[in-house]
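Student: Okay, here's the prediction I keep looking at, along with the sequence it came from:
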Amino acid sequence: SLTIGIVGLPNVGKSTLFNALTKNDVLAANYPFATIEPNVGVVGLPDERLTALAEMFGSEKILPAPVSFVDIAGLVRGASKGQGRGNAFLANIRDASAICQVVRAFSDPNVLHVDGKVAPGDDIETINTELILADLQTVEKALPRLQKEAKLKKDKLPAVAAAEAAFKLLDEGTTLYAGAAAAGIDLELLAELHLLTIKPFIYVFNVDEAELGNEAFLNEMRALVAPAEAIFMDAKIESELIDLPDDEAMELLESTGQTEPGLNQLIRVGFKTLGLQTYLTAGPKESRAWTVPVGATAPEAAGVIHSDFQRGFIKAEIVSFDDLTAAGSMSAAKAAGKVRIEGKDYIMKDGDVVEFRFNV
Ligand code: GDP
């Protein structure tokens, strides 16, 4: 599934962020283990191109691409050794395609920090360690079985070698996402183990409003997680923005030196991290973004709308969003020769405005 799992130590602002994301009114309480059940929220990928298309085509509705977030509770220090709710978080985190760690960088002395001090680097290390320990346990448990299988089936030997190499890497404290490529480990061979540290990471630093414009501070945080993406927001302000009318929200944003909500950045970065892009369709009924993996062909893209579209694919009429808006209308874009006819081998580009032709 294309879901981003939100993790973080207690009291870092996970619930606040998640509530702002989903506009759900889940309790954001000032004590550990407030979020016990996993919550899934589906949000729309912000895309101004849809607004422009809806205007051009007189669309009744705008349908952005959905992005799912799941609030993963219970990943605390010592979870792999049974602390908190122990390994209960594993089941939820396995289903996520990417992991978003919320890191506390705000200083509010009224909000208790589980370790007694605000130390973003330590918090990142703590979560990393728990995930690495969970993977170590998984690999350790699987190895004897894999070795036994390899005695009967020689084609299982590469999987054993990959598991052994993964164990070594994890044991050195490195995530598989960060280290597997350099260590020459083929992660495909370990897919059945559903390892956690294979997943790409995104970091959300929950910072004080006053720090949002402090580049020196932000760069310090960026350095902690590079090359992973770092996003900065004040979760409390994000949750206030949600409840304000647009003009007042814009005013509040500008007063913090931001041009768009941090949530929008998060959704966009999450989408990119999952290796996804969108193509667009537009008409009087709706302007809509459709999600495809980067590298999808035109028939695969058609299949996202309906499997019949893929099966009966003939061709696609495609114009890039930029060419379309430069021309001003579909007929003007056609007259200018900007609307291309593409066949079944065409590789979709982000922002293609598409009409499919197919047999039924
Ligand atoms: P969780 O345990 O990680 O889900 O954390 P919560 O979202 O429940 O937040 C814990 C407490 O910190 C709540 O009282 C929030 O109101 C507060 N909090 C969350 N984000 C911020 C922030 O950016 N600044 C400040 N000052 N407080 C925050």
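Tutor: Sure, I can see it.
Student: C-alpha from now on. contacts and neighbour counts both.
Tutor: Noted.
Student: what's the pLDDT at residue 262?
Tutor: On pLDDT, residue 262 comes in at 89.
Student: Sorry, slip of the keys, the one I care about is residue 17.
Tutor: pLDDT at residue 17 comes out at 90.
Student: wait, isn't residue 344 in contact with residue 311?
Tutor: No - under the criterion of C-alpha atoms under 8 Å, residue 344 makes no contact with residue 311, lying 11.0 Å away.
Student: between these two, what contacts are shared?
Tutor: Shared contacts of residue 344 and residue 311 (C-alpha atoms under 8 Å, 6 or more residues apart in numbering): residue 299.
Student: Helix, strand, or coil at residue 75?
Tutor: Put simply, residue 75 is coil when judged by DSSP: H, G, I helix; E, B strand; the rest coil.
Student: okay, now it: neighbour count?
Tutor: By other C-alpha atoms under 10 Å, 26 other residues sit near residue 75.
Student: For it, give me its contacts.
Tutor: 7-9, 86-87, 89, 127, 130 are the contacts of residue 75 under C-alpha under 8 Å, 6+ apart.
Student: I'd like the distance between it and residue 201.
Tutor: 15 Å (C-alpha to C-alpha, to the nearest Å).
Student: go on, residue 174?
Tutor: Distance from residue 174 to residue 201, by C-alpha to C-alpha: 13 Å.
Student: any bit of the lengthiest helix in the chain sitting next to the ligand?
Tutor: Ranked by number of residues, the top helix in the chain under DSSP state H is helix 120-152. No - Helix 120-152 lies apart from the ligand when judged by C-alpha under 6 Å from any ligand atom; the minimum separation is 11.9 Å.
Student: helices or strands up against that helix?
Tutor: strand 98-104, helix 157-171 (3 or more C-alpha pairs under 8 Å, 6 or more residues apart in numbering; DSSP states H and E).
Student: what angle separates that helix from helix 157-171?
Tutor: In terms of direction (axes from the mean of the first three to the mean of the last three C-alpha atoms, to 10 degrees), helix 120-152 departs from helix 157-171 by 160 degrees.
Student: buried sites along helix 120-152?
Tutor: 120-121, 123-124, 126-136, 138-139, 143, 146-147, 150 (16 or more other C-alpha atoms under 10 Å).
Student: Next to the ligand, which bits of the stretch 51-200 of the chain? Give me the list.
Tutor: Residues of the stretch 51-200 of the chain lying near the ligand (C-alpha under 6 Å from any ligand atom): 106, 108, 111.
Student: so which of these is the most crowded?
Tutor: Going by other C-alpha under 10 Å, residue 106 tops those with 22 neighbours.
Student: Could you dump the contacts of residue 75 into a markdown table and include secondary structure and pLDDT?
Tutor: Converted to a markdown table, the contacts of residue 75 look like this (DSSP: H, G, I helix; E, B strand; the rest coil; pLDDT from 0 to 100):
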| residue | secondary structure | pLDDT |
| --- | --- | --- |
| 7 | strand | 92 |
| 8 | coil | 91 |
| 9 | coil | 90 |
| 86 | helix | 66 |
| 87 | helix | 71 |
| 89 | helix | 72 |
| 127 | helix | 92 |
| 130 | helix | 91 |
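Student: can you give me the strands for the stretch 201-350 of the chain?
Tutor: 201-206, 229-233, 276-282, 286-293, 313-320, 340-342 (DSSP state E, counting those that start in this stretch).
Student: which SS state does the residue nearest to residue 114 when sequence neighbours are not counted fall under?
Tutor: Spatial nearest neighbour of residue 114, chain neighbours left out: residue 10 (6.7 Å); criterion: C-alpha to C-alpha, 6 or more residues apart in numbering. Here residue 10 takes the coil state, with states given by three-state DSSP.
Student: What separation do you get for residue 10 and residue 21?
Tutor: 18 Å.
Student: Could you check which of the two is surrounded by more residues?
Tutor: residue 10 (26 against 22).
Student: I figured that one hits residue 116, correct?
Tutor: No - using C-alpha under 8 Å, residue 10 is not in contact with residue 116; the gap is 11.8 Å.
Student: List the contacts of stretch 45-52.
Tutor: 62-67, 264, 267-268, 271, 280, 287-289, 321.
Student: So which of the residues of the stretch 51-200 of the chain next to the ligand are in strands?
Tutor: Applying DSSP state E to those, no entry is found in strands.
Student: which among those gets closest to residue 205?
Tutor: Distance to residue 205 across those (C-alpha to C-alpha) is lowest for residue 106, with 8.5 Å.
Student: Return the backbone torsion pair for the closest one.
Tutor: phi -80, psi 150 (degrees, to the nearest 10).
Student: Give me the most central residue, the protein.
Tutor: residue 270 (2.8 Å; C-alpha atoms, centre = their mean).
Student: distance of that one from residue 10?
Tutor: 22 Å.
Student: tell me the SS of residue 42?
Tutor: Residue 42 - assigned by three-state DSSP - is strand.
Student: can you check residue 196 too?
Tutor: coil.
Student: What's the local residue count around it?
Tutor: Residue 196, neighbours per other C-alpha under 10 Å, totals 24.
Student: got it, and residue 191?
Tutor: 11.
Student: Can you check my assumption that it lies in a strand?
Tutor: No - the assignment for residue 191 is helix, going by three-state DSSP, so no strand is present there.
Student: higher neighbour count, residue 174 and residue 201?
Tutor: residue 201 (22 against 18).
Student: For residue 228, see how far away that one is.
Tutor: 6 Å.
Student: Please apply the same query to residue 267.
Tutor: Taken as C-alpha to C-alpha, the span from residue 267 to residue 228 is 15 Å.
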